[in-house]
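Peer 1: A structural model of the following input is requested.
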Amino acid sequence: MLTAPDHIRNLLGRYCELIDAGDFDGVGALFADGGMAAGDGPAFAVGTHAVADFYRRSTQLHDGSPRTKHLVIDSVFEEQGADGRVVVRSSYVVLQAVDGFALQPIITGRYRDAFCTDVDGRWHFAERRFFVDLLGDLSHHLADPSIAGSPDAHGELR
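Peer 2: Residues are numbered from 1 along each chain as shown. Below you'll find the model as predicted:
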């Protein structure tokens, strides 16, 4: 029988599978009851359609795939709060390889995710906060060059 942390780890892994497959509708579905924010800022995408649209607008595809490998590692689970949420802090590394661009890390950082259960007891993303630590060459990854930049003191892209 899977434990709550197992279900949460599966959601973290499912996000990686879907984003690497270029399945932005699938990624959006993971956030049907959740949102995404950069650093400590306000949410920039909330719900299935907004999250899927964010990835569709911001990610370059190469023959239907972003040609990436997202790795989520070093997950640390915080105690469950009175509201039933579990907060998980993780590190991420995104690797990419496309024609003429050798396999390399293109961005690393941290996620601070909040998870909760629905009325049927199923775990889901309630919130994802991105923090950027290191940037590589994002020229083959980001569809909108204005997104590329250097992280500020709070880990947010400028």
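Peer 1: Doesn't Ala52 belong to a helix?
Peer 2: Yes - per DSSP: H, G, I helix; E, B strand; the rest coil, Ala52 lies within a helix segment.
Peer 1: Let me know the helix or strand that the spatially closest residue to it that is not a sequence neighbour is in.
Peer 2: Leaving aside its sequence neighbours, Ala52 sits nearest to Gly28 (Cβ to Cβ, 6 or more residues apart in numbering; 3.0 Å). For glycine as for every other residue, the C-beta is placed from the backbone atoms N, C-alpha and C. Per DSSP states H and E: Gly28 is located in helix 24-30.
Peer 1: So which other helices or strands are in contact with the longest strand seen in the chain?
Peer 2: Criterion DSSP state E: the longest strand present in the chain is strand 101-117. When contacts are defined as 3 or more Cβ pairs under 8 Å, 6 or more residues apart in numbering; DSSP states H and E, strand 101-117 sits against helix 4-21, strand 86-98, strand 123-135.
Peer 1: mind running it again at 6 Å?
Peer 2: strand 86-98, strand 123-135 (3 or more Cβ pairs under 6 Å, 6 or more residues apart in numbering; DSSP states H and E).
Peer 1: would you list these in JSON lines and tack on distance to Ser58, mean neighbour count and mean pLDDT?
Peer 2: Rendered in JSON lines, the data for the helices and strands packed on strand 101-117 read as follows (distance: least, Cβ to Cβ, whole Å; neighbours: other Cβ atoms under 10 Å; pLDDT from 0 to 100):
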{"stretch": "strand 86-98", "distance to Ser58": "13", "mean neighbour count": "18", "mean pLDDT": "98"}
{"stretch": "strand 123-135", "distance to Ser58": "12", "mean neighbour count": "18", "mean pLDDT": "96"}
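Peer 1: Much appreciated, bye for now.
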